[in-house]
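Asks: this is a predicted model, with the sequence first.
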Amino acid sequence: MFSGISVSPGVALAQAVVLSSEQVSFDRSPVASEFIEREIDKFKNAVAESVKQLTLIETHVREKMGDDKAAIFEGHLMLVEDEELSETVIEVIRGQRFPAPAAVEAVINEHASAMEEMEDEYLKARAVDMRDLGHRLVLNCLGIAPQSLETFEFEVIIVAEDLTPSQAAVLDTSKVKGIITERGSRTSHTAIMAASMEIPAIVAVEGVSTAIQNGDMVALDAEHNQIIVNPTPSQLDQVEYRREQFILERKLLEELRDLPARTSDGVRIKLAANIGSPADSAPALLKGAEGVGLYRVEFLFMETSEAPDEEMQYQAFKSVVDDMKGMPVVIRTLDVGGDKDLPYLALPKEENPFLGCRGIRLCFERPSLLLRQLRALLRAGVHGDIRILVPMISSVDEVRRFKEFLAEAQSSLEHEGIAYAKDLPVGVMIETPAAVFLAPHLIRETDFFSIGTNDLTQYTLAVDRQNERIAELFEQLSPAVLLGIKHTVDAAREEGKPVCVCGQMAGDVLSALLLVGLGVEELSMSPVHIPRVKNAIRKHSCARLRDIARDALGLATAAEVKAKLEKYLG
Ligand code: PEP
Ligand code: MG
């Protein structure tokens, strides 16, 4: 039996597919001349096999996930069918007597490195594709079937040391019933994506990727934080029972969908959705979301092999606004850096990426990237209630600088005679201690706050949100974090401006109740959590939650806060 950190609710039972992160090893020494033709055949077969695999993946991804994601594999197909590339590999096999996989590796490395050196973003993007394709070709030369995350014949539970957000973005959600990773944390972006896809997930499970074998039957119970490998018949019965209970509860909670989240003494709390893609809007509405509280646009950027242009962003934003039918849609400007990489941006490696060129800092460094986004946001604002949210703010100067960019984007649209929304509200993420301290100043220059408790916890406690070694220190209920939230809420109240919490805390029932007690009137979360949070809010009075929160602020440790919440609200 294993356990870790449950990050996405539900119970699943399926066969394991273990993703190995090992590099393949093979003999690179020159082959005897009589084997040259054999190596060329191997390479040609590998190309044919790769074309077959990629065609299958591309068709499948297009059907299930749409044209944008399919374009990645379309690009791979174009590369693999490139005759010049094939001829170069064959020349290397003949001329240098390299075995097929070594020739592929050499040619691909040379091409990809040359592309990486180029200024042109489009060509840089092709370098990533080139390396991906190279890996596939090498595996096929060796007769190893590459693992595909996009197509599974049967239901599976993915077991991996880690899964990057971009790997998670192309998972076949109809077949992937659960995710278990050895690394990760409550607030890692893969965890957030699992919740948005409603795939039960447990992360930070020590030793799991070596202990579970391909084909093992795995019971994943994210409700009780339990993983059972090859369960016995009686364990199977129990898992089945729990799965039924979960489904039953979900059904009962569905009945709350159209009821307001109102405390028993009449305080109305707004519950909005955190989304990562326009495709998330419809499921969010089904869970009762009252708008989008956080659209993390970086996932749109991860699904493509080059930065989406203005039109593509505009279409994505417009689509969310249309789906939300007049309800507010808070769209955050690109927040990459930290754990979110975009290969085509060729971000330099940093010693401390979470303290580095992340979020708005990166956008300031790449003005054309920011201006393109702002133009798309302003244009989409014509169609509904868009509000712009700026991540990683740690000074008032940054807000002012951001507004200069916004003005520049407006005047360029004005100049070109393109319709745009004139007064889109601008809010900032409160996720650094500096932003908390500066909240009274920041709120005077902005229209709203959104508290990002994932980063606020990370930066307040100096605990890397990704580092499983210190996962126990990542205490969102630490009084230090709570005092920061209270200070922020009070500053916004003073100016009569709204404040939302959009970090993972908002989706955890007990924490959400505490946040309401601290004066937060809007919570934004992965839609999967909305029904449970709403149910809890309707059962409690705000007056009582305020008393509990006041007491919690006076406690010394996260454990004491937790114990208090469990005693009075659990
Ligand atoms: C946060 O930091 O709490 C937040 C909502 O932003 P992200 O998780 O995307 O960093
Ligand atoms: Mg954040």
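Replies: Arrived safely, thanks for sending. Ligands and ions are numbered 1, 2, ... in the order given.

Asks: can we go C-alpha only for contacts and neighbour counts from here?
Replies: Noted.

Asks: list the contacts of the residue lying closest to Lys318 once chain neighbours are set aside.
Replies: Spatially, and ignoring its direct neighbours in sequence, Lys318 is nearest to Ala380 (5.1 Å; Cα to Cα, 6 or more residues apart in numbering). Listed by Cα atoms under 8 Å, 6 or more residues apart in numbering, the contact set of Ala380 reads 314-315, 317-318, 321, 386, 420-421.

Asks: 10 Å - rerun?
Replies: 313-322, 374, 386, 419-421 (Cα atoms under 10 Å, 6 or more residues apart in numbering).

Asks: sec struct for it, please.
Replies: Secondary structure assignment for Ala380 (DSSP: H, G, I helix; E, B strand; the rest coil): helix.

Asks: mind giving me the domain split of this protein?
Replies: Following the assignment in automatic domain parsing, the chain carries domains at 5-21+148-231, 33-141, 443-570.

Asks: Throw those into TSV and include mean neighbour count and mean pLDDT, thanks.
Replies: What follows is the domains of the chain, written out as TSV (neighbours: other Cα atoms under 10 Å; pLDDT from 0 to 100):
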stretch	mean neighbour count	mean pLDDT
domain 5-21+148-231	22	87
domain 33-141	18	86
domain 443-570	20	96
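
Asks: Pro260 is nearest to which of these?
Replies: Proximity to Pro260 (Cα to Cα) singles out domain 443-570 among the domains of the chain, at 7.9 Å.

Asks: next one: the closest one to chain centre, how far?
Replies: In terms of Cα atoms, centre = their mean, to the nearest Å, the gap separating the centre of domain 443-570 from the centre of its chain is 21 Å.

Asks: kindly report the same for stretch 175-183.
Replies: On the basis of Cα atoms, centre = their mean, stretch 175-183 is displaced by 14 Å from the centre of the chain it belongs to.

Asks: do the same with stretch 168-180
Replies: Here the centre of stretch 168-180 is set off from its chain's centre by 13 Å, with Cα atoms, centre = their mean.

Asks: just the CA coordinates for it, please, in PDB.
Replies: What follows is the C-alpha trace of stretch 168-180 in PDB, where atoms were taken according to Å, rounded to 0.1, in the frame of the first residue of the first chain:
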ATOM      1  CA  ALA A 168      -0.400  16.100 -19.100                       C
ATOM      2  CA  ALA A 169      -1.900  18.400 -21.800                       C
ATOM      3  CA  VAL A 170      -2.000  15.600 -24.300                       C
ATOM      4  CA  LEU A 171      -3.300  12.800 -22.100                       C
ATOM      5  CA  ASP A 172      -6.200  10.800 -23.500                       C
ATOM      6  CA  THR A 173      -8.700  11.600 -20.900                       C
ATOM      7  CA  SER A 174     -11.100   8.900 -22.000                       C
ATOM      8  CA  LYS A 175      -8.600   6.200 -21.200                       C
ATOM      9  CA  VAL A 176      -6.500   7.700 -18.400                       C
ATOM     10  CA  LYS A 177      -8.400   6.900 -15.300                       C
ATOM     11  CA  GLY A 178      -5.800   7.900 -12.800                       C
ATOM     12  CA  ILE A 179      -2.300   9.500 -12.300                       C
ATOM     13  CA  ILE A 180       0.300   8.500  -9.700                       C
END
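
Asks: which residues touch the closest residue to ligand 1 within the chain?
Replies: Shortest the chain-to-ligand 1 distance, computed as Cα to the nearest ligand atom: residue-wise this is Gly452, at 2.9 Å. When contacts are counted by Cα under 10 Å, 6+ apart, Gly452 touches 294, 391-392, 428-432, 485, 500-506.

Asks: how about Phe152?
Replies: Phe152 neighbours (Cα under 10 Å, 6+ apart): 17, 57, 171-176.

Asks: mind doing that once more with 8 Å?
Replies: If a contact means Cα under 8 Å, 6+ apart, then Phe152 has 172, 175 as its contacts.

Asks: picking up where we left off before, who wins on neighbours among the contacts of Ala380?
Replies: For the contacts of Ala380, neighbours were counted using other Cα atoms under 10 Å, and Ile386 has the most, 28 neighbours in all.

Asks: show me which of the contacts of Gly452 neighbour ligand 1.
Replies: Filtering the contacts of Gly452 for proximity to ligand 1 (criterion: Cα under 6 Å from any ligand atom) leaves 431, 502-503.

Asks: what is the host helix or strand of Leu13 packed up against?
Replies: Using DSSP states H and E, Leu13 sits within strand 11-19. Strand 11-19 makes packing contacts with strand 156-160, strand 176-181, strand 217-221, helix 233-254 when contacts are defined by 3 or more Cα pairs under 8 Å, 6 or more residues apart in numbering; DSSP states H and E.

Asks: give me the contact list for that strand.
Replies: 147, 155-161, 177-178, 200, 209, 212-223, 239, 242-243, 246.

Asks: circling back to that earlier point, need the domains of the chain in JSON lines (columns: distance to Leu259).
Replies: Listed next are the domains of the chain as JSON lines, based on distance: least, Cα to Cα, whole Å:
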{"stretch": "domain 5-21+148-231", "distance to Leu259": "22"}
{"stretch": "domain 33-141", "distance to Leu259": "32"}
{"stretch": "domain 443-570", "distance to Leu259": "9"}
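
Asks: nearest to Val329, out of those?
Replies: Put simply, out of the domains of the chain the one that sits nearest Val329 is domain 443-570, at 11.1 Å, with distance taken as Cα to Cα.

Asks: do me a favour and get the end-to-end distance for that closest one?
Replies: Between the start and the finish of domain 443-570 there is a gap of 34 Å, counting by Cα to Cα, to the nearest Å.

Asks: same question for stretch 496-503.
Replies: Using Cα to Cα, the gap from the first to the last residue of stretch 496-503 comes to 22 Å.

Asks: neighbouring contacts of that stretch?
Replies: 274, 293-294, 443, 447-454, 489, 492, 520-525.

Asks: just stretch 311-318 next, same as before
Replies: The set of residues external to stretch 311-318 that reach it, using Cα under 8 Å, 6+ apart, is 277-278, 373, 376-377, 379-381, 383.

Asks: change it to 10 Å
Replies: Counting by Cα under 10 Å, 6+ apart, the neighbours of stretch 311-318 from elsewhere in the structure are 68, 277-279, 295, 297, 300-301, 307-308, 310, 319, 321-322, 324, 329, 331, 372-384, 386.

Asks: good, wrapping up.
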